[in-house]
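K.L.:
Could you look at this predicted model? Sequence included:
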Amino acid sequence: MTTALTPFHLPAKLTITLWDFSWYTQTVEGEPFYDLDRAFAEAVDRGYNTVRICAAPLLLFGDHDIDTTALEFVNMGGDTGQRTRWYKAVGGAVVNGRTRLLALFEAAKRHGCFVIVSSWEYQQSPAFLADSSWHDMLRAISPEERHEALALAESRLVSYLKSESLEDRIAYVEIHNEIDLSRLAEVPSEGLDTFWAQRPYLESALRLLQDAHPDVLSTVCYGIPPYLDLASIPDNAQVAHQHFYIYGVLGALEAWAQVRAAPPVFPSEELKSILRDDAPPFDEWTTTIEPWRLEATGITPSMFYAYDWVDPIAWDEWMYRHFADHEIAMKQALDARLRAVTVWAAHHDVPAVIGEGWIGYTLRQISRMGPSDDTSRPTPSSGVPTLATGERCPGRTPLHTTRDGRTSTSNYG
């Protein structure tokens, strides 16, 4: 990695595993993050040197009166979400937020790892707190003030880590995960798409972070990057962080099964044909999720039902049967995205990160490996410094990109 802005302490390549908010929501004994040292050791054993997290900056360093010394985390209620990625927390964890953050960075240092600091607060994180105080606090911040509030909180977070001599564990800071698919997109648009509407807010937030901490890289993160309009990305983003979700065969499966449809279309006869034998009829199934918690997740009852009750073997076998119909288009889409990131990163002399992907996105628990090693491509050797490709989370993405660019699976968690 040779960009002028790259901090000296970072290695030439980051291999990333995504721990999102699970590192504080799944901490009961027996869960993946009960023992942080074990989690880091197993990550390193699988070839990773970086974790990407929701650091909950607004909760831990924002302006509010929530007591963060004993945060109680729960699940969605009953068995809802217990076979759905992210949501399968046992519940009952009580966490001192800043102490837990410090412990994670200290463990990262012991294992020679780095941390990408982000936030999922305007997407899913608050849904796991026992009460709605976190969610209410976030919603009370006006859309026009949210980007700056995040940057201020993240600046305080970085200062906190510096006071503990742990700043060398920071890979870089993201304003928020997938800003275009989060409640940051609620800023006034005046006819603009979300990328251009958020651009001035993001530029200002990045400027705040970079003025306060010029020694720490900061950037933006998109869920559906504007590949056809790269000028909408703030020029002061210091890492070309992109997510590659090539739906292809997965998109075809979801369309066929109408997973994301609402009643009365949902559940379709196609979806019913791939449900588990013990799946209750949808009209007899009730979710115990409180309304505010459901709002905080962004996941509908239909989707929870589908992902909790689908037969994972039948789901995977459908994709195996139909993959060949989509393979060429998926590879072309991936190549186009790689070229777009390469061009933007080269023009701005910044490193590139392929943060999430590769094959679509689903909340369903994966039962086994994806269709083919050939569904992923390593980042091209283009002369553009590339920090990382792919992410892996316990119970989340089925494919990750290894250090030699191949895809493989991991069964951690």
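P.N.:
Arrived safely, thanks for sending.
K.L.:
Need phi/psi at the residue lying farthest from the centre of the chain.
P.N.:
Taking C-alpha atoms, centre = their mean, the residue of the chain most remote from its mean C-alpha position is E284, at 32.5 Å. Per-residue torsions, E284: phi -110, psi -10 (degrees, to the nearest 10).
K.L.:
And the pLDDT at it?
P.N.:
In this prediction, E284 carries a pLDDT score of 91.
K.L.:
cool, P312 as well?
P.N.:
92.
K.L.:
what does the one 10 residues further on give?
P.N.:
Confidence per residue is given as pLDDT, and for H322 that number is 97.
K.L.:
Just give the nearest non-adjacent residue to it, would you?
P.N.:
In space, and not counting its chain neighbours, H322 is closest to V249: 5.4 Å by C-beta to C-beta, 6 or more residues apart in numbering. Backbone N, C-alpha and C define where each C-beta goes, glycine included.
K.L.:
In the protein, where is pLDDT below threshold?
P.N.:
Across the chain, the ranges flagged by pLDDT under 70 are 1-5, 365-413.
K.L.:
Number of residues surrounding H348?
P.N.:
20 (other C-beta atoms under 10 Å).
K.L.:
residue contacts, it?
P.N.:
By C-beta atoms under 8 Å, 6 or more residues apart in numbering, H348 lies in contact with 235, 237, 240.
K.L.:
Closest to P351 out of the residues you listed?
P.N.:
A240 (7.0 Å; C-beta to C-beta).
K.L.:
Please verify my assumption that A197 contacts L184.
P.N.:
No - assessed by C-beta atoms under 8 Å, A197 is found out of contact with L184, at 9.9 Å.
K.L.:
So for the two, which sits in the more crowded spot?
P.N.:
Neighbours were counted for A197 and for L184 using other C-beta under 10 Å; L184 has more, 27 against 20.
K.L.:
Please enumerate the helices of this structure.
P.N.:
22-25, 36-45, 57-61, 97-110, 133-140, 143-163, 194-212, 248-257, 269-272, 291-297, 301-309, 312-322, 327-348 (DSSP state H).
K.L.:
Of all those helices, which one is nearest D180?
P.N.:
D180 lies closest, by C-beta to C-beta, to one member of the helices of the chain: helix 194-212, at 4.8 Å.
K.L.:
Now that closest one - C-alpha only, CSV.
P.N.:
Provided in CSV are the C-alpha atoms of helix 194-212 (Å, rounded to 0.1, in the frame of the first residue of the first chain):
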residue,chain,number,x,y,z
THR,A,194,-29.5,10.0,-1.9
PHE,A,195,-25.9,10.2,-3.0
TRP,A,196,-26.0,13.8,-4.0
ALA,A,197,-28.4,14.8,-1.3
GLN,A,198,-26.0,13.4,1.4
ARG,A,199,-22.8,14.6,-0.2
PRO,A,200,-22.5,18.0,1.5
TYR,A,201,-23.3,16.4,4.9
LEU,A,202,-20.7,13.7,4.4
GLU,A,203,-18.1,16.2,3.2
SER,A,204,-18.7,18.3,6.3
ALA,A,205,-18.6,15.3,8.6
LEU,A,206,-15.4,14.0,7.1
ARG,A,207,-13.8,17.4,7.4
LEU,A,208,-14.7,17.5,11.1
LEU,A,209,-13.0,14.1,11.7
GLN,A,210,-10.0,14.9,9.6
ASP,A,211,-9.4,18.3,11.2
ALA,A,212,-9.6,16.7,14.7
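K.L.:
Can you give me the buried ones in it?
P.N.:
194-195, 197-199, 201-203, 205-206, 208-210, 212 (16 or more other C-beta atoms under 10 Å).
K.L.:
quick one: it to chain centroid distance?
P.N.:
Relative to its chain's centre, helix 194-212 lies at 20 Å (C-alpha atoms, centre = their mean, to the nearest Å).
K.L.:
just checking, what packs against that helix?
P.N.:
Contacts defined by 3 or more C-beta pairs under 8 Å, 6 or more residues apart in numbering; DSSP states H and E place helix 194-212 against helix 143-163, strand 218-219.
K.L.:
can you rerun that using 10 Å?
P.N.:
With contacts taken as 3 or more C-beta pairs under 10 Å, 6 or more residues apart in numbering; DSSP states H and E, helix 194-212 sits against helix 143-163, strand 170-174, strand 218-219.
K.L.:
Need those in CSV (columns: mean neighbour count and distance to L230).
P.N.:
Below are the helices and strands packed on helix 194-212 laid out as CSV (neighbours: other C-beta atoms under 10 Å; distance: least, C-beta to C-beta, whole Å):
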stretch, mean neighbour count, distance to L230
helix 143-163, 20, 20
strand 170-174, 27, 18
strand 218-219, 26, 14
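K.L.:
Distance to E356 added to these, as JSON lines?
P.N.:
Below are the helices and strands packed on helix 194-212 laid out as JSON lines (distance: least, C-beta to C-beta, whole Å):
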{"stretch": "helix 143-163", "distance to E356": "19"}
{"stretch": "strand 170-174", "distance to E356": "12"}
{"stretch": "strand 218-219", "distance to E356": "14"}
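K.L.:
rewinding a little: among the buried residues of helix 194-212, which one sits closest to D316?
P.N.:
The closest of these, once distances to D316 are taken by C-beta to C-beta, is T194, at 33.2 Å.
K.L.:
residues contacting the closest one?
P.N.:
179-182, 184-187, 222, 224, 226, 232 (C-beta atoms under 10 Å, 6 or more residues apart in numbering).
K.L.:
at 8 Å what do you get?
P.N.:
With contact set as C-beta under 8 Å, 6+ apart, T194 has these partners: 179-180, 185.
K.L.:
can you check N96 too?
P.N.:
68-71.
K.L.:
One more pass at 6 Å, please.
P.N.:
T69 (C-beta atoms under 6 Å, 6 or more residues apart in numbering).
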